[in-house]
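A.B. asks: I would like the atomic coordinates for the input below:
(chains A, B, C and D)
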There are 2 protein chains.
Amino acid sequence: MSPAAHGSGLSFWAGSDEGGDGAVTHDQARSAAIAAELRGRIIDGRLPPGTRIRQEEIAEEFGVSRLPIRETLRFLESSGLVTLVASTGAWVSRLDLEECREIYLMRERLEPLLLRLAMPGHTTESFVEFSRLAEAVAASTSRGELVERDRDFHRALTAGPATKRLRETVDHLWNLTHFYRRQLLSPSVSRRREDILTEHRMLLRAVEERDVDAAEATLALHIRHTRRLVERNPQIFESGEAPGTVGPDAWVRPDAP
Amino acid sequence: MSPAAHGSGLSFWAGSDEGGDGAVTHDQARSAAIAAELRGRIIDGRLPPGTRIRQEEIAEEFGVSRLPIRETLRFLESSGLVTLVASTGAWVSRLDLEECREIYLMRERLEPLLLRLAMPGHTTESFVEFSRLAEAVAASTSRGELVERDRDFHRALTAGPATKRLRETVDHLWNLTHFYRRQLLSPSVSRRREDILTEHRMLLRAVEERDVDAAEATLALHIRHTRRLVERNPQIFESGEAPGTVGPDAWVRPDAP
DNA sequence: CCGCTCAGCATTGGATCCAATCTGGTCCGC
DNA sequence: GCGGACCAGATTGGATCCAATGCTGAGCGG
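C.D. replies: Now for the predicted structure:
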């Protein structure tokens, strides 16, 4: 086996395998699992932007020393989810409107490309699955569920082999904005929900007709519309204690800057 | 000050400051400098793809313990330059044609976007600088210099404030393929050199005329042409045959033609 | 009453030591 | 002679301990 040949390098990102036996082994799967868990907490909002992350606290929770936590934090920093300040501490990264806009602009360019590369691999069975997922989006009841189902739909459409880095980059862009997307799709803007469903249908049709250009254009437009919605709702970035907008739970720690 | 607000998270990437005093301080600038140095060696080919990286060796060279090296390697892994295998070792990542193609496709989409966002900030003085850099590309004598000057030109064109993540992503894509680009621009394909110069001139004109769409299209085409060249020269990926035996200068390939 | 300084504390960064894993070579059995 | 298993060396992964840094708050002086 040639170790250097297969590596994408980003394997660390590859979701939570969850397969690890409970044994306190030296395997680095442990570190990977911790990274995946922390990442999950950040993107789904359990660790909202601005939250201070104390190494010791996390270490104790997972029953390991601070060392693997340090490496994990370094890793999360490199993906932009965490901000490290030398000799001071780590915080969950916070986005402002400009950064979020930038990320959406990147997605507008990259996700259509990913879709293009994935489309030749789609089969008739895929289309059935896509329809099912689109219906799941339509059937979602809470905003949290809508966001998740929407992501499932996008992920399925762009699933396919042999585009590792691109897919990981797109995934990464989704992760960075996931928290704010959830804030955005509050009931007050549910009109957007109908647009999303319509755009999904259009997208689905283009994909089924194997019209690559139309599919790309539709997807780009779809993302662009969401970006415009973000730009019209800058209040979601005013972390502090914006009345009523931020989550239902006591996410917002008092020590937030 | 709010620590979490300013962070792009990717600050680690921000080039080699080189400013570090020699003192054996606890400052993490040391780690950052090591990361930058290693990264530099990888992208410029001093550490070619497939090279085994031993933690202890690097640690001794920089006069630190293995610990910061470990974190550095994790970091480089997350950016795809290094491949880690659990409990086994680290190697400089190797690209195959498909991956390289994928990276170029991404650059075709992202770099024009970066250019678009940078163009409003360009001034008359910028244009003078661009011309100077374009001439430097034309005046380059070795292929190594050509690659470097070409990168300088592209970087200057896309320089500007407030697009941190996008710029870092584009930079990252350049880094990943830099080694192979150098392999590519051998004398044998010097015809491409003339194309590059011509395309640079076209690009420059579009930028000076502040024609954003034309500039984007020209840049995309420029990158696309290089990608096609890569696709026509798959042999640049056939370095070394066995994983362990990739010599330090295996990339010097005395391809005469 | 307010601003500055300095000491104490919490937290992070690094070095050394120990345990687990993998590789490579060699030996034995077939 | 050849293939598989075993043993030793090398190398990485993790835990604990120590040093340095940055924040916090009390005390002092203006």
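A.B. asks: so the most centrally placed residue in chain A is in which element?
C.D. replies: Using C-alpha atoms, centre = their mean, the residue of chain A that lies closest to the mean C-alpha position is residue A:175, 2.3 Å off. In this structure, residue A:175 sits in helix A:164-184 according to DSSP states H and E.
A.B. asks: that older thread, hang on, isn't the residue nearest to the centre of chain A packed against residue A:44?
C.D. replies: No - at 9.9 Å, residue A:175 does not count as touching residue A:44 under the criterion of C-beta atoms under 8 Å. Backbone N, C-alpha and C define where each C-beta goes, glycine included.
A.B. asks: what's near enough to touch the residue nearest to the centre of chain A?
C.D. replies: Residue A:175 is in contact with A:39, A:42-43, A:79, A:81, counting by C-beta atoms under 8 Å, 6 or more residues apart in numbering or on different chains.
A.B. asks: can you put those in TSV and add neighbour count and pLDDT?
C.D. replies: What follows is the contacts of residue A:175, written out as TSV (neighbours: other C-beta atoms under 10 Å in any protein chain shown; pLDDT from 0 to 100):
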residue	neighbour count	pLDDT
A:39	22	92
A:42	24	94
A:43	19	92
A:79	22	88
A:81	23	94
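A.B. asks: Okay, now the unreliable bits of the stretch 151-257 of chain A?
C.D. replies: Along the stretch 151-257 of chain A, the model assigns pLDDT under 70 to residues A:186-190, A:239-257.
A.B. asks: Could you pull out the helices in it for me?
C.D. replies: The residue ranges that make up the helices of the stretch 151-257 of chain A, judged by DSSP state H, counting those that start in this stretch, are A:164-184, A:191-208, A:212-232.
A.B. asks: Confirm that residue A:42 sits in a helix.
C.D. replies: Yes - Residue A:42: assigned to a helix according to DSSP: H, G, I helix; E, B strand; the rest coil.
A.B. asks: re the thing from before, against DNA strand D, how distant is the residue nearest to the centre of chain A?
C.D. replies: Residue A:175 sits at a distance of 23 Å from DNA strand D (criterion: C-beta to the nearest atom of the strand, to the nearest Å).
A.B. asks: Chain B versus that residue, what's the distance?
C.D. replies: Applying C-beta to the nearest C-beta, to the nearest Å, one obtains 12 Å for the distance of residue A:175 from chain B.
A.B. asks: And for residue A:32?
C.D. replies: Remark: distance between residue A:32 and chain B (C-beta to the nearest C-beta) = 9 Å.
A.B. asks: Which phi and psi values does that residue adopt?
C.D. replies: When read as degrees, to the nearest 10, the backbone of residue A:32 gives phi -60, psi -40.
A.B. asks: Could you do residue A:132 as well?
C.D. replies: Backbone torsions for residue A:132, taken as degrees, to the nearest 10, come to phi -60, psi -40.
A.B. asks: SS state for the residue nearest to residue A:196 when sequence neighbours are not counted?
C.D. replies: Beyond its immediate neighbours in the sequence, the residue positioned closest to residue A:196 (C-beta to C-beta, 6 or more residues apart in numbering or on different chains) is residue A:150, lying 6.7 Å away. What three-state DSSP gives for residue A:150 is helix.
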